[in-house]
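K.L.:
3D model of this:
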Amino acid sequence: MKMEARDERLLIREFLDGKPSGLQELIERHQTRLYSYIFVMVKDKQLADDLFQDTFVKVINTLKSGSYNDEGKFIQWAMRIAHNLVIDHFRKQKKLNYAEVANDKYDLMDTLRVTDPSIEDTLVTEQIHKDVRLLMEHLPTEQKEVLYLRCYAGLSFKDIAEQTEVSINTALGRMRYALINMRKMVKEKNIILTR
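P.N.:
Numbering: from 1, shown residues only. Model (predicted):
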């Protein structure tokens, strides 16, 4: 394993020194695992081909920009890029589907779910929850606490007020400011939090 990681560092160095064979070997080494992951997620050969190619375009651009942090974990890094591209694809699809429905006649039956959530829905939902948890880390402690108790622990504002030893109005105010601050962060960082 250490030998492979060292080899990958050398292959990346070769590529950065102008020898495309270094990148070619990296692609050949990991293409089956990476492509299989993408294909399992999207279940469409053409889309998987496109996302696989997009993954390596992003890999190349990141390597050339000097932003790659070499810790001997090339495949994990490439898999994370592929995962993010799959999530982005499904988010864009959801937006497009919503826009198409909004332009047509509204039909209540179009909005009803009659099946379990798809893999795409699950992936997007997991990513949204992860993004929200990361945003929460940037909130002041009091706001983070109220948001956690309300959204994750399911407590009422009365219970939150008792547990944090503040008035209900203070708990409500902290929740309000937490949501305002999170909306600002979402807007500033251009994060999409939709299913």
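
K.L.:
for this structure, just list every one of the strands.
P.N.:
Along the chain, counting by DSSP state E, no stretch forms strands.

K.L.:
list phi and psi for the residue of it most remote from its centre.
P.N.:
Distance from the C-alpha centroid of the chain peaks at residue 167, with 36.5 Å (Cα atoms, centre = their mean). Torsion angles at residue 167 (phi, psi; degrees, to the nearest 10) stand at phi -80, psi 160.

K.L.:
lowest-pLDDT helix or strand in this structure?
P.N.:
Among the helices and strands of the chain, helix 108-111 carries the lowest confidence by mean pLDDT, DSSP states H and E, at a mean of 48.

K.L.:
skip the chain neighbours and tell me the closest residue to the residue sitting nearest the centre point of the chain.
P.N.:
Nearest to the geometric centre of the chain sits residue 127, at 4.4 Å (Cα atoms, centre = their mean). Using Cβ to Cβ, 6 or more residues apart in numbering and skipping the chain neighbours, the partner closest in space to residue 127 is residue 87 (4.8 Å). Where C-beta positions appear, they are placed from N, C-alpha and C, glycine not excepted.

K.L.:
can you tell me which residues contact the one you found?
P.N.:
123, 124, 127 (Cβ atoms under 8 Å, 6 or more residues apart in numbering).

K.L.:
as TSV, these with pLDDT and distance to residue 83 would be great.
P.N.:
Output for these, formatted as TSV (pLDDT from 0 to 100; distance: Cβ to Cβ, whole Å):
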residue	pLDDT	distance to residue 83
123	79	8
124	74	12
127	78	9
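
K.L.:
I'd like the residues you listed laid out as CSV, including distance to residue 33.
P.N.:
Shown next, in CSV, are these (distance: Cβ to Cβ, whole Å):
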residue, distance to residue 33
123, 18
124, 23
127, 21
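
K.L.:
quick check, nearest of these to residue 172?
P.N.:
residue 127 (29.2 Å; Cβ to Cβ).

K.L.:
for residue 170, which non-adjacent residue is closest in space?
P.N.:
Distances taken as Cβ to Cβ, 6+ apart place residue 161 nearest to residue 170, at 7.1 Å, with adjacent residues excluded.

K.L.:
that neighbour and residue 173, how far apart?
P.N.:
For residue 161, the distance to residue 173 (Cβ to Cβ, to the nearest Å) stands at 11 Å.

K.L.:
out of those two, which sits in the busier spot?
P.N.:
Relative neighbour count places residue 161 above the other of residue 161 and residue 173, with 20 against 15, counting by other Cβ atoms under 10 Å.

K.L.:
roughly how far apart are that one and residue 39?
P.N.:
From residue 161 across to residue 39, the span is 50 Å (Cβ to Cβ).

K.L.:
repeat that for residue 185.
P.N.:
Applying Cβ to Cβ, the value for residue 185 to residue 39 is 34 Å.

K.L.:
next one: residue 18
P.N.:
For residue 18, the distance to residue 39 - Cβ to Cβ - is 32 Å.
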